[in-house]
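*Asks:* show me how the following folds:
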Amino acid sequence: MITHRTPHRATFGIIGGVAALAAAFSVFAIGDGPAHAQTAARVESQTRPNFGVLLDPPTRNAGNSRRNHHRWRVVNPPVIRTHGGEEVVLLDCGGNPGTGAVESAVRRVRPGGTLIIRARGGACVGRLNIDKPMTIIGEAGFDVSRGIQGEPTMLAPDGLPCATVAPGVRVEFRDIVFSAPRAGDAACIVGYGGEIVMNRVGITYAGDEAAIYTDGGLVDLREVAIDAQTVTAAIVADRATLTTNEVLISGAQSGIEVTAGDGPPTRINRTRLLGPHRPNNFGPRSIGLLVEARREYGEVAITNSKVCGYPDAVVVEGATVRVDHVRICKAQNGVTVFNGEVSVDHSRVVALEVGVWAIGGNGRITNSHLVGMRRPIDEDRGQVAGDHNRVWSKYACENKWAWDRRYGNRYGMAALDWRSGYSCQTEPYPREWWARDEQALGVEYDPHVEPPEGWDRYKSGFGWYDCKGRYVDDRRHLFDDRWRRGSRGWTRDCPRLPGEPLFDFNWVFIGVGVGQASFDIDFDAGFSYRQ
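*Replies:* Predicted coordinates:
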C-alpha cells in the first residue's frame, strides 16, 4: 500500500496562509461595507416610482414643502372624528368661489357647532352637505319685510342643491340668502327625515323641483321669503311636519304641497301665498295650498294668512284641515274638498266660480264672507254646512229681494237669504277690503251688488217702492211716517185691493183717553226674510 505523507510543518503552513488571507479579506470588506450600502440605497430611492407624486402633483412653489402641505390640508382636510372639530368656523369666500371651501368648512365644524358665512367679496359657491347637527349663520343678515335684495350668501352649483340634510340631523339657518338660478332637477333645500329650522332666510330658485323639499322630519320656517320660478310647488313637505310664521312665497306655479302624516299637525300661520295670477291652461294645476293624505289621517291648520293669484286656492284631498282668518282672492275656486274634512271660519273668499266646493268629504263654513262667485257653495257627493255667512254676489243674489207691503201701495224692501246661513248683502263690497288684496293684483273694484233703484235714498228714510218695484221719492213723510201718513198711493198700475180702506180714521175714547188707531195690518210686521 502506498501512502502519501505530508509533513506537519507544511500542513500548518498551508492552513496558516489560508487563514491569513481570509482575515485580510474580511478586514477589507468590513471597513468599506457602509459606504457601499448607502450608495445602493440612494440609487434605489432615485429610480423607484413615486406614485404619490403622480396622483397628487406638487404646486408650482415646490421649494417650500411645509407651506404647500398646509395649503393642501385647508382645501381638503382629513375627515374629522365624530367628537372632534371646531366649535365655530368662519367661512370667508373672499370673492374666490368654487375652491371647495364650503365643503371643507362644513367638515371642520364639530357636531353642535356653528358655521359663520361671510360673503363680502361674492357669494360662496358650493353645496352644504350637512350630516351632523349645527347652526349656519350669514354675516350680512336678512329682513323679510324688504323682500330678497342684494347679492346672495350661498350660490348653488348648476344642477346641485344648496343644502342637503341627513336623516336625524337638526340644522338651523339664520340670516342667509340662498340662490339656485340653474337648479334643473335639484331642489335648493333637501331633507330626508331631518329637522330644518330657518330664521330670517331668503331663497331664490329657478328649476323643475321645489325650492324646499322634505321627506319626513320637520321644517320650521320663520321670517322666510321664497321666490321660486318652478312648475311645481315652492315647498313640498311629504309626510313632514311643516310650521310657518311670517313667510312670503311668490312666483311658483303652486304654493305649498303637504302630505299629512301621523306626526304633529302642520301649522301655516301669517303666511302669504302669491300665485302667478294667470289661468292654468296647461301643466300641473296651480294650487295655493294642496293637502294630501295617505293612510295616516293627519291635521293641517292655516290661520291668519293670505292665498291669492291661484286658480284653486285651497285643495284638500284628505286629512282634517282648518282654515281660520284666511283671505283668499283672485281665485276661480276658493276651497275644494275631494276627501277629508274642512272647516272655514272668519275668512274671506273672493272667487269667480265656487266659494266652498265639496266634491267629496265634508265642509263647514261659518262667520265668513263669500264674494263674487256664482255659487257660494256647491255639493256633489259631499256636504257643506253653513251659518252666519255674508254673501256679495250679483249672480247668487240676483232677484233675492222681498217686497213687504206696509201701507196701501207703499212697500218696503229687503234682501233675502241666498240659502239658510248665507245672507245676501245690500251694501257694496267695502273698498278698503279690495284695496288691501285685489288692487295689488290688478283687479278693478266691483261692488258685487246690484241694489234696486233708489236704494240709497230708501235706506236714508225717504220714499218707498210700489207694487211693481218702482221707487217713489217723497220728502214729506220720512222714516216711519211714510208707513202711516198721507195717501195710500193707489194708481192704475197698482189699484186698491178689495177690502182696503180709502183713508184712515182717528178715534177718541171717552173716559179712557185720546188715541190714534190704524188699520195698517203690516204696521209691526217688519221685513220678511223668507223666500
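*Asks:* low-scoring stretches of the stretch 51-200 of the chain, by residue?
*Replies:* 51-84, 94-99 (pLDDT under 70).
*Asks:* and the helices in it, which stretches?
*Replies:* Applying DSSP state H, counting those that start in this stretch to the stretch 51-200 of the chain gives helices spanning 51-55, 65-75, 101-108.
*Asks:* low-confidence ranges in the chain?
*Replies:* Looking along the chain with the criterion set at pLDDT under 70, you get 1-84, 94-99, 277-283, 295-296, 403, 499-531.
*Asks:* longest strand in it, please.
*Replies:* Longest strand in the chain by number of residues (criterion: DSSP state E): strand 320-337.
*Asks:* tell me what that one is packed against?
*Replies:* Here strand 320-337 touches strand 287-293, strand 299-308, strand 312-316, strand 341-345, strand 348-358, strand 362-366, going by 3 or more Cβ pairs under 8 Å, 6 or more residues apart in numbering; DSSP states H and E. Yep, even glycine has a C-beta here, placed from its N, CA and C like the rest.
*Asks:* name every strand pairing with the fifth one and say which way it goes.
*Replies:* It refers to strand 348-358. In the sheet, strand 348-358 lines up against strand 320-337 (parallel), strand 369-371 (parallel), strand 375-379 (parallel) (DSSP bridges).
*Asks:* residues in contact with the second one: which ones?
*Replies:* Residues lying outside strand 369-371 but in contact with it, judged by Cβ atoms under 8 Å, 6 or more residues apart in numbering, are 334, 347-351, 355, 376-377, 389-393, 422, 429, 448.
*Asks:* re earlier: quick one: closest of the strands paired with strand 348-358 to residue 234.
*Replies:* strand 320-337 (17.4 Å; Cβ to Cβ).
*Asks:* any idea how far the closest one is from the chain center?
*Replies:* How far strand 320-337 lies from its chain's middle: 15 Å, per Cα atoms, centre = their mean, to the nearest Å.
*Asks:* check stretch 287-298 too.
*Replies:* 14 Å.
*Asks:* with stretch 152-168 instead?
*Replies:* On Cα atoms, centre = their mean, the centre of stretch 152-168 falls 18 Å from the chain's centre.
*Asks:* hang on, the earlier thing: got the helices and strands packed on strand 320-337 as CSV, with mean neighbour count and distance to residue 484 columns?
*Replies:* CSV is the format used below for the helices and strands packed on strand 320-337 (neighbours: other Cβ atoms under 10 Å; distance: least, Cβ to Cβ, whole Å):
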stretch, mean neighbour count, distance to residue 484
strand 287-293, 25, 54
strand 299-308, 21, 50
strand 312-316, 27, 50
strand 341-345, 21, 43
strand 348-358, 24, 41
strand 362-366, 20, 39
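*Asks:* make TSV from these and add distance to residue 459 to it.
*Replies:* Listed next are the helices and strands packed on strand 320-337 as TSV, based on distance: least, Cβ to Cβ, whole Å:
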stretch	distance to residue 459
strand 287-293	37
strand 299-308	32
strand 312-316	34
strand 341-345	30
strand 348-358	24
strand 362-366	27
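*Asks:* just give the nearest non-adjacent residue to residue 155, would you?
*Replies:* residue 123 (3.9 Å; Cβ to Cβ, 6 or more residues apart in numbering).
*Asks:* quick one on the thing from earlier: which one of the strands paired with strand 348-358 lies closest to residue 360?
*Replies:* Once those are compared by Cβ to Cβ, strand 320-337 is nearest, at 6.6 Å.
*Asks:* correct me, but residue 392 touches residue 368?
*Replies:* No - the criterion here is Cβ atoms under 8 Å, and residue 392 misses it with residue 368 at 11.7 Å.
*Asks:* the residue nearest to residue 155: neighbour count?
*Replies:* 19 (other Cβ atoms under 10 Å).
*Asks:* and for residue 100?
*Replies:* Neighbour tally, residue 100, other Cβ under 10 Å: 12.
*Asks:* so how far is residue 272 from it?
*Replies:* Shown here: residue 100 relative to residue 272, a distance of 38 Å by Cβ to Cβ, to the nearest Å.
*Asks:* nearest to residue 160, out of the helices and strands packed on strand 320-337?
*Replies:* strand 287-293 (26.8 Å).
*Asks:* would you map the helices across the stretch 351-500 of the chain?
*Replies:* Here the stretch 351-500 of the chain has its helices, by DSSP H, counting those that start in this stretch, at 431-436, 455-459.
*Asks:* mind checking which of the strands paired with strand 348-358 is nearest residue 142?
*Replies:* Per Cβ to Cβ, nearest to residue 142 of the strands paired with strand 348-358: strand 320-337, 25.7 Å.
*Asks:* how about that closest one: buried residues?
*Replies:* Across strand 320-337, burial judged by 16 or more other Cβ atoms under 10 Å covers 320-324, 326-337.
*Asks:* again, but for stretch 135-151
*Replies:* 135-138, 142, 144, 148.
*Asks:* dump the residue contacts of residue 312.
*Replies:* 280, 285-288, 331-333, 336.
*Asks:* mind doing that once more with 10 Å?
*Replies:* 254, 275, 280, 285-290, 331-336, 351, 357 (Cβ atoms under 10 Å, 6 or more residues apart in numbering).
*Asks:* for residue 335, same thing?
*Replies:* So residue 335 contacts 289, 307, 312-316, 321, 323, 326, 328, 342-344, 347, 349, 351, 354-358, 363, 365, 377, 384 (Cβ under 10 Å, 6+ apart).
*Asks:* so what's residue 362 up against?
*Replies:* Residue 362 is in contact with 337, 339-343, 379, 382-385, counting by Cβ under 10 Å, 6+ apart.
*Asks:* and it, how far is that from residue 386?
*Replies:* 12 Å.
*Asks:* same thing with residue 167?
*Replies:* Between residue 167 and residue 386 the computed distance is 45 Å (Cβ to Cβ).
*Asks:* and for residue 225?
*Replies:* Using Cβ to Cβ, which is the criterion applied here, residue 225 is 36 Å from residue 386.
*Asks:* and for residue 131?
*Replies:* Taken as Cβ to Cβ, the span from residue 131 to residue 386 is 51 Å.
*Asks:* if you count what's nearby, which of those two comes out ahead?
*Replies:* Taking other Cβ under 10 Å, residue 131 and residue 386 do not tie; residue 386 has more neighbours (23 against 16).
*Asks:* so what pairs up with that one in the strands?
*Replies:* Applying DSSP bridges, one finds that residue 386 bridges with residue 365.
*Asks:* tell me if I'm right that it and residue 349 touch.
*Replies:* No - Residue 386 lies out of contact with residue 349 (Cβ atoms under 10 Å); the separation is 12.0 Å.
*Asks:* show me what contacts the closest residue in space to residue 467 that isn't next to it in sequence?
*Replies:* Closest residue to residue 467 apart from its sequence neighbours, by Cβ to Cβ, 6+ apart: residue 494 at 3.9 Å. Counting by Cβ under 10 Å, 6+ apart, residue 494 touches 408-411, 466-468, 470, 488.
*Asks:* name all residues that make contact with residue 157.
*Replies:* 97-98, 102, 125-127, 180, 182-183, 186.
*Asks:* possible to save those as CSV with distance to residue 258 and neighbour count?
*Replies:* Shown next, in CSV, are those (distance: Cβ to Cβ, whole Å; neighbours: other Cβ atoms under 10 Å):
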residue, distance to residue 258, neighbour count
97, 35, 18
98, 36, 12
102, 31, 23
125, 32, 22
126, 30, 25
127, 26, 18
180, 22, 28
182, 27, 12
183, 22, 26
186, 21, 22
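*Asks:* ranges for the strands of the stretch 151-300 of the chain?
*Replies:* 154-155, 163-165, 170-184, 189-192, 195-207, 212-215, 218-229, 233-238, 241-250, 254-260, 266-274, 287-293, 299-308 (DSSP state E, counting those that start in this stretch).
*Asks:* dump the ones you listed into a markdown table; add distance to residue 435 as well.
*Replies:* As requested, those are exported to a markdown table (distance: least, Cβ to Cβ, whole Å):
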| stretch | distance to residue 435 |
| --- | --- |
| strand 154-155 | 38 |
| strand 163-165 | 39 |
| strand 170-184 | 31 |
| strand 189-192 | 35 |
| strand 195-207 | 27 |
| strand 212-215 | 32 |
| strand 218-229 | 23 |
| strand 233-238 | 26 |
| strand 241-250 | 19 |
| strand 254-260 | 23 |
| strand 266-274 | 16 |
| strand 287-293 | 21 |
| strand 299-308 | 14 |
